[in-house]
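In: here's my sequence, what's the structure:
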Amino acid sequence: MQAEYVIVGAGSAGCAIAYRLAEAGKSVIVIEHGGTDAGPFIQMPAALSYPMNMPLYDWGFQSEPEPHLGGRRLATPRGKVVGGSSSINGMVYVRGHARDYDHWAQSGARGWSYADVLPYFKRMEHWHEGGQGGDAEWRGKDGPLHVTRGPRENPLFHAFVEAGRQAGYPVTGDYNGQQQEGFGPMEQTVYEGRRWSAANAYLKPAIKTGKVEVVRGLACRVVIEEGRARGVEIEKGGAKQVITATNEVVISASSINSPKLLMLSGIGPAEHLAEHGIDVVADRPGVGQNLQDHLELYLQVACKEPITLFKYWNLIGKAVIGAQWLFTKKGLGASNQFESAGFIRSKAGVEYPDIQYHFLPIAVRYDGQAAAEGHGFQAHTGPMRSPSRGHVTLASKDPKEAPKILFNYMSTEQDWEDFRTCIRLTREIFAQEAFKPYFKHEIQPGADVQTDDELNGFIKEHVESAYHPCGTCKMGDRNDPMAVVDEHCRVIGVDGLRVADSSIFPQITNGNLNGPSIMTGEKAADHILGRSLLQDESEPWINPNWQTSQR
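Out: Modelled structure (predicted):
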């Protein structure tokens, strides 16, 4: 089998690349190890906690014992399904802050400033304002990716935003527009009651053109001859075959599997490859390094009024919601229930937000376990720019074996200070007048957890990944020894090979990563096709008092 372009991974970036290449008349084969995304567990937004805990849809990765978290192994879900992680994620849509991309450009990723990437965010979006305000001139109107807002019918969503205002923070009508900083409605990749994954937005329309074919199989290695990628060897049904690319191979297999595939193909730290008996094609010490993630905590509060989603937290309630969604694609099942958000700065002197909030009108975990019986609500919070860095390495040269993942979470004193700040600022928000009718008592950490040592103990035991791993194939200047790809997503040292997904992020962006990952695919496709969009010099809002005031 052959095509002009072979893409490894039908995830957030890979689907977007396939769509744009097909649109330009190119033939594409997409290699995907996972299966179909059909079925309510994926397509029903409120069922989001199920697919990321199902081996059918999730690679099931875990970190190595994290030394600064008492040896805990943290779950690292990645989508093993058409649509990749966009088919199992929380569907929260965040572009990231303008300054994130400006820092990328300054670090060596030339052409990836906010002025460069904003046109791609606009091109990919089909934004639905939904009568809740927003910055229409900053948003895209006719792209493949539908971006909507939940109905915000529960009064707790409004209480959260009002409490933020009462605490002295701005209110923003559109955190994906000119002003990220503040409290306001949260956006989601949901359309007409269904999860609007990269598969629904990009891959399925691309397949209909007749230019894109999806091949099931496990990518074992990139076939490289005389310094050029010629195709990808896959295993399917116990047999191996090579899918040939007449033009280029593009790896979009996630920040975990992309560096793994590069290393299996002989591209990575020479010493590490030699340990596993892999011939070195290109000595790139940065492959698998620079691993970053967002950690978060849930601050949970018992609610005085029986207005939370807990009333449906039983078999009958779930059946009623499921049936309504199945027949009408409406009701509580048609939202991820993350409908209010906040982005704030942790202290004076921080230029743009470094703390994010997701608000949820029930006290539960991602794995679906209720932390306490009864009505409650919670804010997910955590710092956005941890200085900690980890790595992905090979466990062996067997493509079927999962790589070793060590995030090195909470390895600096700044991490602990930032998390304590998150907890204290959140408590202050929950103490505002807007929550007086609802605030019964704090479930966790609990009112008796106050000192730095007590908070550190809670953080160590309860902090969880927000499932935003990135950075393991860093984009940068070709003279940077730790860079893996250049500003055109081309792998340094090998021709005809690119990487395009969240692994190329030099620095993690502010917020959830699905939006930036899709943008990366959109922009990478233009690099492949030798074209680009005109810059958009729109200036983001920066708090004028950021140097002297925290809010």
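In: only C-alpha atoms from now on, for both contacts and neighbour counts.
Out: Fine.
In: what about the stretch 101-250 of the chain, any weak spots by pLDDT?
Out: Judged by pLDDT under 70, the stretch 101-250 of the chain has no weakly predicted residues.
In: show me where the stretch 151-300 of the chain has helices.
Out: 155-166, 198, 204-208, 254-264, 270-275 (DSSP state H, counting those that start in this stretch).
In: wait, which of those helices is closest to Leu455?
Out: helix 155-166 (22.4 Å; Cα to Cα).
In: from the contact counts, what lies against that closest one?
Out: strand 182-185, strand 340-344, strand 355-360, helix 413-430 (3 or more Cα pairs under 8 Å, 6 or more residues apart in numbering; DSSP states H and E).
In: quick one: buried residues of that helix?
Out: Leu156, Phe157, His158, Ala159, Phe160, Val161, Glu162, Ala163, Gly164, Arg165 (16 or more other Cα atoms under 10 Å).
In: can you pull the contacts of the closest residue to His462 other than its chain neighbours?
Out: Once flanking residues are discounted, His462 sits nearest to Leu297: 6.7 Å by Cα to Cα, 6 or more residues apart in numbering. Neighbouring residues of Leu297 by Cα atoms under 8 Å, 6 or more residues apart in numbering: His380, Thr381, Gly382, Ile459, His462, Val463, Glu464.
In: coming back round to it: could you dump the helices and strands packed on helix 155-166 into a markdown table with distance to Lys329 and mean neighbour count added?
Out: A markdown table is the format used below for these (distance: least, Cα to Cα, whole Å; neighbours: other Cα atoms under 10 Å):
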| stretch | distance to Lys329 | mean neighbour count |
| --- | --- | --- |
| strand 182-185 | 21 | 26 |
| strand 340-344 | 21 | 26 |
| strand 355-360 | 21 | 24 |
| helix 413-430 | 33 | 18 |
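In: of the ones you listed, which approaches Ile31 most closely?
Out: Of the helices and strands packed on helix 155-166, nearest to Ile31 by Cα to Cα is strand 355-360, at 33.8 Å.
In: my guess is Ile224 contacts Arg230, does it?
Out: Yes. Assessed by Cα atoms under 8 Å, Ile224 is found in contact with Arg230 at 5.7 Å.
In: more neighbours: those two, which one.
Out: Arg230 (23 against 18; other Cα atoms under 10 Å).
In: tell me who's in contact with the more buried one.
Out: Val222, Val223, Ile224, Thr244, Ala245, Thr246, Glu248, Val249, Gly496.
In: returning to what we had before: will you turn the helices of the stretch 151-300 of the chain into TSV that also has distance to Tyr312?
Out: Compiled in TSV, the helices of the stretch 151-300 of the chain are given as follows (distance: least, Cα to Cα, whole Å):
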stretch	distance to Tyr312
helix 155-166	16
helix 198	30
helix 204-208	34
helix 254-264	35
helix 270-275	51
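In: closest one to Pro77 among the ones you listed?
Out: helix 254-264 (10.1 Å).
In: which residues are in contact with the closest one?
Out: 9, 11, 78, 219-222, 251-252, 268-269, 273, 278, 287-288, 392-394, 397, 399, 403, 405, 469-473, 499, 501-504.
In: so who does Arg139 touch?
Out: Phe121, Lys122, Glu125, Trp127, Gly177 are the contacts of Arg139 under Cα under 8 Å, 6+ apart.
In: now swap in Trp138 and tell me
Out: Lys122, Gly177, Gln178.
In: can you list contacts of the strand or helix carrying the first one?
Out: Element membership of Lys122, judged by DSSP states H and E, is helix 114-124. Under the contact criterion Cα under 8 Å, 6+ apart, helix 114-124 has outside partners 95, 98-102, 138-145, 519, 522-523, 533-538.
In: write a ChimeraX command that selects only the buried members of these.
Out: Buried residues among the contacts of helix 114-124 (16+ other Cα under 10 Å), as a ChimeraX selection:
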select :95,98,99,100,101,102,138,139,140,141,143,144,145,519,522,523
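In: among the contacts of helix 114-124, name the ones in strands.
Out: Leu145 (DSSP state E).
In: circling back: farthest-separated two in the contacts of Arg230?
Out: Val222 and Thr246 (13.5 Å).
In: which strand runs longest in this protein?
Out: strand 239-251.
In: how about that one: buried residues?
Out: Val242, Ile243, Thr244, Ala245, Thr246, Asn247, Glu248, Val249, Val250, Ile251.
In: which among these gets closest to Pro544?
Out: Ile251 (41.4 Å).
In: was I right about the closest one contacting Gly11?
Out: No. Applying Cα under 8 Å, one finds Ile251 not in contact with Gly11, separated by 10.5 Å.
In: ok, Pro205 to Tyr19 distance?
Out: 7 Å (Cα to Cα, to the nearest Å).
In: give me the more crowded residue out of those two.
Out: Legend: neighbour count by other Cα under 10 Å for Pro205 and Tyr19, higher for Tyr19 (28 against 18).
In: am I right that that one is in a helix?
Out: Yes. Under DSSP: H, G, I helix; E, B strand; the rest coil, Tyr19 sits within a helix.
In: residues in contact with it?
Out: Tyr202, Leu203, Pro205, Ala206.
In: burial count for Glu153?
Out: 10.
In: same deal with Met91?
Out: As a burial measure, Met91 scores 27 neighbours (other Cα under 10 Å).
In: so it makes contact with Tyr191?
Out: No. Met91 lies out of contact with Tyr191 (Cα under 8 Å); the separation is 10.8 Å.
In: quick one on the thing from earlier: need the contacts of Trp138 in TSV with neighbour count, can you?
Out: Shown next, in TSV, are the contacts of Trp138 (neighbours: other Cα atoms under 10 Å):
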residue	neighbour count
Lys122	18
Gly177	19
Gln178	22
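In: going by distance to Gly511, which of those residues wins?
Out: So of these, ranked by how close each gets to Gly511 (Cα to Cα), first place is Gly177, at 13.9 Å.
In: do you know how far the closest one is from Gly268?
Out: Distance from Gly177 to Gly268, by Cα to Cα: 38 Å.
In: cool, and Leu203?
Out: Where Gly268 is concerned, Leu203 sits at a distance of 30 Å (Cα to Cα).
In: filter the contacts of Leu297 to the buried ones?
Out: His380, Thr381, Gly382, Ile459, Val463, Glu464.
In: now, those that are in strands?
Out: Among the buried ones among the contacts of Leu297, the members falling in strands (DSSP E) are His380, Thr381, Gly382, Glu464.
In: any stretches of this protein with poor pLDDT?
Out: For the chain, the ranges with pLDDT under 70 are 366-372.
In: got the contact list for Ala75?
Out: Counted by Cα under 8 Å, 6+ apart, Ala75 has contacts Gly60, Phe61, Gln62, Ser63, Ser465.
In: who touches Lys26 in this structure?
Out: When contacts are taken as Cα under 8 Å, 6+ apart, Lys26 is in contact with Glu4, Tyr5, Lys211.
In: also Ser27?
Out: Ala3, Glu4, Tyr5, Leu21, Lys211, Val212.
In: quick one, what contacts the fourth one?
Out: Applying Cα under 8 Å, 6+ apart, one finds that Leu21 lies in contact with Ser27, Val28, Ala525, Leu529.
In: then the first one?
Out: Applying Cα under 8 Å, 6+ apart, we find Ala3 in contact with Ser27, Val28, Ile29, Thr244, Ala245, Thr246.
In: tilt between the one helix or strand the third one maps to and strand 239-251?
Out: Which is Ile29. Secondary structure from DSSP H and E places Ile29 in strand 28-32. Per axes from the mean of the first three to the mean of the last three Cα atoms, to 10 degrees, the angle that strand 28-32 makes with strand 239-251 is 110 degrees.
In: that's all I had, so thanks and see you.
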